[in-house]
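**Student:** Fold the following for me, if possible:
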Amino acid sequence: MGWEVKALRAGRVQLTDAFVVMTKGEAFLLGSQIAPLETVSTHYVVEKTRSRKLLLHKKELAKINEALTQKGQTCVCTTLYWKGHLVKAKIAIAQGKKLHDKRDTEKQRDWQRDKARIVRDNVKQ
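**Tutor:** Sure thing, here's the model as predicted:
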């Protein structure tokens, strides 16, 4: 839609939770948020997180579909960029974390929290 393109040009897009889903042989981008500009939001009823269809070649769709059928594989959108007048999405096949990786991440997060708490307590004294 037009307001989405204007918002993309203004850099008002967030891809932190964006992922690609295959439905009926077509690829859709879900979870991306495009915040409307203030000048446009009065004219339209906007839906920030609507699903957006990705235009891909048959070979690309088959490759993504094959990868998604494997266990633990997902397709994520890494960047959006301009090529001429078109908005292109760079997508990647990603693999989820293993259980031991999740435990290690949780340990690191706890240590960072404890370290910040120790520093904060030393500054108070």
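**Student:** Quick check: the gap between the residue lying closest to residue 97 once chain neighbours are set aside and residue 59.
**Tutor:** Residue nearest to residue 97 in three dimensions, not counting chain neighbours: residue 105, with 7.3 Å by CB to CB, 6 or more residues apart in numbering. In short, each C-beta sits where N, CA and C put it, glycine included. For residue 105, the distance to residue 59 equals 35 Å [CB to CB, to the nearest Å].
**Student:** neighbour count winner among those two?
**Tutor:** Higher neighbour count among residue 105 and residue 59: residue 105, with 11 against 8, using other CB atoms under 10 Å.
**Student:** In the chain, what residue spans correspond to strands?
**Tutor:** In the chain, the strands defined using DSSP state E lie at 13-14, 19-23, 26-30, 33-34, 52-54, 73-83, 86-95.
**Student:** Let's have the ones you listed in TSV, adding mean neighbour count.
**Tutor:** Formatted as TSV, those follow (neighbours: other CB atoms under 10 Å):
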stretch	mean neighbour count
strand 13-14	16
strand 19-23	16
strand 26-30	17
strand 33-34	19
strand 52-54	16
strand 73-83	14
strand 86-95	14
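**Student:** mind giving me TSV with those and columns for mean pLDDT?
**Tutor:** Listed next are these as TSV, based on pLDDT from 0 to 100:
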stretch	mean pLDDT
strand 13-14	83
strand 19-23	88
strand 26-30	90
strand 33-34	83
strand 52-54	88
strand 73-83	88
strand 86-95	88
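**Student:** do you know which of those strands lies nearest residue 101?
**Tutor:** The closest of the strands of the chain to residue 101 is strand 86-95. By CB to CB, the value is 10.4 Å.
**Student:** For the helix ranked longest in the chain, name the packing helices and strands.
**Tutor:** Longest helix in the chain, counting residues (DSSP state H): helix 99-124. Of the remaining helices and strands, none touches helix 99-124 by 3 or more CB pairs under 8 Å, 6 or more residues apart in numbering; DSSP states H and E.
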